[in-house]
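In: quick one: sequence plus predicted model below, questions after.
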Amino acid sequence: MVLELLQSLSEMQLVGELTVLSLLIGGIIMAGGIITAKIAKLLFHKYYAPSLPKDTAQNISKLIYFGILIVSFLGFTSSQGIDLSGIMVAGGIFAVVIGFATQSVVSNLISGLFLIVEKPAKHGDTIDLPDMGISGTLLDIGTFSSKVRRFDGTVTRIPNDKFFTSNIRSLTLSTVRRADAVVGISYHSDIENAILVMKNEILQTMPFVLQIPEPEFRIDELGDSSVNIHVFVWYPKDDWSQAQPILLATLKRALDNASIEIPFPQRVIWSGKD
Amino acid sequence: MSDASEITFSNYGIYDLSDNLELLLPNTLIKFQRISGNAFSYFRENSEGEIIEKIIPTESNDVKIELVPIQPLNHPAKRTNYVFLKLDKEIHLGENSAASIFVHCPIEIGIFLIYDDNHEPLDWVTCNPLNSRFSLYGSPDTGTLCKYAEVSLATDYDDSVSYVNGVMHIVIENTLSFAQTISKVIFPITDNNLYYNNSKSIIDGIKITMKKRAAVNIAEVKPTPVDTEWALASIWDKSIDSVHHMEMTLE
């Protein structure tokens, strides 16, 4: 019964020597290839990827997946008796045509390859793209686009050619980072004393602030209402939340505890008679 | 927690956990309590008012707690394996000479859970959080993040401050043809074991050799084990890779 069915399928010619049976075998080879590629990718992610850097793991995973697919496709073409040498020549011409027609796609693909080779940022890095006004964590450098998870939780897809040609500011490449804040004290306050109390408060209550380089205080401006002091502190690169958001509150607490006035905007008006 | 001089603090060592256990450290209270046939509660309050509570399910009838000094790498968070000791007095070392000093190196205290064949880290505390900070050695982009402490010289191995620091022996050898002033010591502390006796602790020492390599003057730092009868403390994080020795360019 089955043999008869296969016999009849092999006799049903579609185009030239292409029969329904050979097409069926080719389909089985391709389906098997896709299933094998997916299983290989799954096993790689389960057993090997966790021990590798994430971007390396993703690249190897893609290599395995598409490698198996290409081998399957070659198996499919040979099962159909297709001569690839002719396709190679036609493929070259076809590639040029496609290249002109899909410049941006090819540009994204090439940029993606360059991003993988150059590695201006890697998976998990916190980056800032000032040209595009995007800041966040780099999730993936894909074949055509990259994904950045912004600090508000949304994910932005960036075409690779734009990502590659834009300024990339890495916020996690350095060992430490610097936070800063400006605080104003009244003109009748002792500047040295104000700096001392702020420094002591920072060193006692902000454990992630580095002792070396120590907090730095610069008289930034003799402003309209206050003497403005610019405060700089360094902290480990991953501990932004333990420095920048609480620095100003720490400075205010220190000045309040020492009864040093943080003046409101004010203006002294002299009348003509005075 | 009132006057520390009137209070007897818990020594380092192993304690049986039958029903309830209370351990007292400077500014820190630790309590274990059996809450059911095979579960304990853990409570810890430190000097900063931070409270940690955990439930410990265990089917073992033989549960023990180990309290030991550990490397000072966890407070306020584990970020590095390096320690930066800023000496309160500089050491002047002439050409082709050596010095042998003892310093007070900060420690933290580890609490381990022991049952059956398991020996698991449960919690850690520091009794001197204000002297547990970070510093940078080198430039912001390529430098090394270190745990920072200002340390004073000690007289011998018994000179440590209980629960706060341990004594470390440092040998500094200057093989250069000019004098050096040493004001700080930076090294990976991962290969330095700690030892304890009652409430005192000591740490494996280091040997620093200042020498010339080609056109560069470097300081080579290697750990030197202590030959002592004090009990060897458990290691908090066994997954840390050993560094064995480091080299740095002299400033």
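Out: Right, received. Where do you want to start?
In: now stretch A:189-208 - C-alpha only, CSV.
Out: Output of stretch A:189-208 as CSV, limited to C-alpha atoms (Å, rounded to 0.1, in the frame of the first residue of the first chain):
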residue,chain,number,x,y,z
SER,A,189,27.7,81.3,56.4
ASP,A,190,31.2,80.0,57.0
ILE,A,191,32.1,78.2,53.8
GLU,A,192,34.8,76.0,55.3
ASN,A,193,32.5,74.8,58.1
ALA,A,194,29.7,74.1,55.5
ILE,A,195,32.1,72.0,53.5
LEU,A,196,33.3,70.2,56.6
VAL,A,197,29.8,69.2,57.7
MET,A,198,28.8,68.1,54.2
LYS,A,199,31.9,66.0,53.8
ASN,A,200,31.4,64.3,57.2
GLU,A,201,27.7,63.6,56.5
ILE,A,202,28.6,62.1,53.1
LEU,A,203,31.4,59.9,54.5
GLN,A,204,29.2,58.7,57.4
THR,A,205,25.9,58.1,55.7
MET,A,206,26.8,57.2,52.1
PRO,A,207,28.8,54.0,52.4
PHE,A,208,29.1,53.6,48.6
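In: list the buried residues for it?
Out: Burial within stretch A:189-208, assessed by neighbour count using 16 or more other Cβ atoms under 10 Å in any protein chain shown, is assigned to A:Ser189, A:Ala194, A:Ile195, A:Val197, A:Met198, A:Lys199, A:Glu201, A:Ile202, A:Leu203, A:Met206, A:Pro207, A:Phe208. Where you see a C-beta, it was placed from the backbone N, CA and C, and this is true even at glycine.
In: export only the CA atoms of stretch B:205-220, formatted as PDB.
Out: Presented in PDB, the C-alpha positions along stretch B:205-220 are these (Å, rounded to 0.1, in the frame of the first residue of the first chain):
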ATOM      1  CA  GLY B 205      50.300  38.000  56.100                       C
ATOM      2  CA  ILE B 206      51.700  39.400  52.800                       C
ATOM      3  CA  LYS B 207      55.200  40.000  51.500                       C
ATOM      4  CA  ILE B 208      55.800  43.100  49.400                       C
ATOM      5  CA  THR B 209      58.900  43.200  47.200                       C
ATOM      6  CA  MET B 210      59.800  46.400  45.500                       C
ATOM      7  CA  LYS B 211      62.000  45.700  42.600                       C
ATOM      8  CA  LYS B 212      63.100  46.800  39.200                       C
ATOM      9  CA  ARG B 213      61.800  44.900  36.200                       C
ATOM     10  CA  ALA B 214      63.400  46.200  32.900                       C
ATOM     11  CA  ALA B 215      62.800  50.000  33.100                       C
ATOM     12  CA  VAL B 216      59.900  49.800  35.500                       C
ATOM     13  CA  ASN B 217      59.900  49.800  39.300                       C
ATOM     14  CA  ILE B 218      57.200  47.500  40.600                       C
ATOM     15  CA  ALA B 219      55.800  46.200  43.900                       C
ATOM     16  CA  GLU B 220      55.100  42.400  43.900                       C
END
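In: ok, residues contacting it?
Out: B:93, B:168-176, B:180, B:182, B:185, B:187, B:192, B:221-226, B:245-250 (Cβ atoms under 8 Å, 6 or more residues apart in numbering or on different chains).
In: likewise stretch A:23-36?
Out: If you take Cβ under 8 Å, 6+ apart as the criterion, stretch A:23-36 is touched by A:Leu9, A:Leu14, A:Ile68, A:Leu69, A:Val71, A:Ser72, A:Phe73, A:Gly75, A:Phe76, A:Ser79, A:Gln80.
In: looking at the contacts of stretch B:205-220, which are in strands?
Out: Using DSSP state E, the subset of those located in strands is B:93, B:168-174, B:180, B:182, B:185, B:187, B:221-224, B:246-249.
In: filter the residues you listed to the buried ones?
Out: B:93, B:168-170, B:172-174, B:180, B:182, B:185, B:187, B:221-223, B:246.
In: now, which of these sits nearest chain A?
Out: Set against chain A, the nearest of these by Cβ to the nearest Cβ is B:Val185 (13.4 Å).
In: and the closest one, what does it touch?
Out: B:Phe84, B:Leu85, B:Leu87, B:Val103, B:Ile170, B:Ile206, B:Ile208, B:Val221.
In: rerun that using 6 Å as the cut-off
Out: B:Leu85 (Cβ atoms under 6 Å, 6 or more residues apart in numbering or on different chains).
In: again, but for B:Ile111
Out: Applying Cβ under 6 Å, 6+ apart, the residues near B:Ile111 are B:Leu67, B:Leu122, B:Asp123.
In: run the last query once more with 10 Å
Out: B:15, B:23, B:25, B:30, B:32, B:42, B:44, B:65-68, B:70, B:121-125, B:236 (Cβ atoms under 10 Å, 6 or more residues apart in numbering or on different chains).
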